[in-house]
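[1] could you look at this predicted model? Sequence included:
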Amino acid sequence: LEGSLDAFGLPDVVTLLATTGKTGGLLLRRTDQGDGPRTEGAVWFRDGRVCGATSDRSRASLVRRVVGSGAVDDNALRQAVSRAVSAGGGVARALLESGSVDPDLMRQAADDQTVDAVFDLLRWSAGDFAFDPGATDPDDIGLAVEHDRVLAEARARVEAWASLVVVVPSVDSVLTVPTVLGHDPEVSRDEWALLSLVDGHRRVGDLVELTGAGEFAVTTILARLVQRGLLHVKDSAAPDHVAIVERRLGMLASIEGAAPAVPETPPEQPVAVEEPPAGPGALGMSAAA
């Protein structure tokens, strides 16, 4: 089973593989721009159920999501990477099998990753696909979900995407935190996790990389924060708050840089000493005389 996404839509191919109970990998390829780099994605099946997906097979997307959540420490990750390199398999599976990550957390991360990946793949405008019954997911942790739920959630995200990009235009957008707010802010833990990473220089794509949470989830939270005035999308044509304040403080230089004026003191004049009046003793005479 192979073909072009121009001729066969991804939902149709996924539905066909699921309803016929296939096991293996639906491998997808696209060339980003002209002769640019080729991106490869995959949707994995086991007995007709979706057990994983990725929109970029060169990335350890599931592991990145777990690392971004703070659920794994350096030592556990180092050992899992070493095991994956020496024995094969994925790092996520190694983390799970070693007991380094809570199974429920890993399962939820895998479920979110699968829907995010299908959401990304649905937005591919072109590409080729081929089904390989011998292909396996190196990070198969035992997830098995119905294809119709995955497709329904991914399609809902595609429909919501148009309204999100109106607020946060692209992965290249840079956001800033306003210095002055008109109200006391209230934020959730997920919102705070993103706010703490916004520095006026990182792009949305950088935030996606750091959190591993996926473009849709990150953009959704950022859009909410922008709509509530807790973040601004940086406009390269307009200076930010710091630049405005610095410019206005510079206007004070003319009065802050000079010492206050002091009235000039006229040159000193010789002071005449008034002689006391002559008394009787001043003339060599005593008072008795």
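    Received the coordinates, thanks.

[2] so residue 41, which state does it fall into?
    Under DSSP: H, G, I helix; E, B strand; the rest coil, the three-state class of residue 41 is strand.

[3] if I look at it, how far off is residue 134?
    Taking C-beta to C-beta, to the nearest Å as the measure, residue 41 falls 18 Å from residue 134. C-betas here are computed from N, CA, C, even on glycine.

[4] who's more crowded, those two?
    Legend: neighbour count by other C-beta atoms under 10 Å for residue 41 and residue 134, higher for residue 41 (22 against 7).

[5] so who does that one touch?
    Residues in contact with residue 41 (C-beta atoms under 8 Å, 6 or more residues apart in numbering) are 27, 28, 29, 53, 54, 55, 56, 57, 117, 120, 121, 124.

[6] filter those down to the buried ones and express that as a ChimeraX selection.
    Buried members of the contacts of residue 41, defined by 16 or more other C-beta atoms under 10 Å, are picked up in ChimeraX with:
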select :27,28,29,53,54,55,57,117,120,121,124
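
[7] dump the contacts of residue 41 into TSV; add secondary structure and distance to residue 107 as well.
    What follows is these, written out as TSV (DSSP: H, G, I helix; E, B strand; the rest coil; distance: C-beta to C-beta, whole Å):
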residue	secondary structure	distance to residue 107
27	strand	24
28	strand	24
29	strand	29
53	strand	15
54	strand	17
55	coil	20
56	coil	22
57	coil	21
117	helix	16
120	helix	21
121	helix	21
124	coil	27
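
[8] dump stretch 176-192 to CSV, keeping only the CA atoms.
    What follows is stretch 176-192, C-alpha atoms only, in CSV (Å, rounded to 0.1, in the frame of the first residue of the first chain):
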residue,chain,number,x,y,z
THR,A,176,7.2,39.6,25.5
VAL,A,177,5.8,40.0,29.0
PRO,A,178,4.3,43.5,29.5
THR,A,179,5.7,45.4,32.4
VAL,A,180,2.5,47.2,33.4
LEU,A,181,-0.8,45.3,33.8
GLY,A,182,-4.2,46.8,34.4
HIS,A,183,-5.2,43.9,36.8
ASP,A,184,-3.7,41.3,39.0
PRO,A,185,-2.8,38.2,36.9
GLU,A,186,-4.2,34.7,37.6
VAL,A,187,-2.4,31.9,35.8
SER,A,188,-2.5,28.1,35.8
ARG,A,189,0.6,25.9,36.3
ASP,A,190,0.7,25.2,32.6
GLU,A,191,0.5,28.9,31.8
TRP,A,192,3.2,29.7,34.4
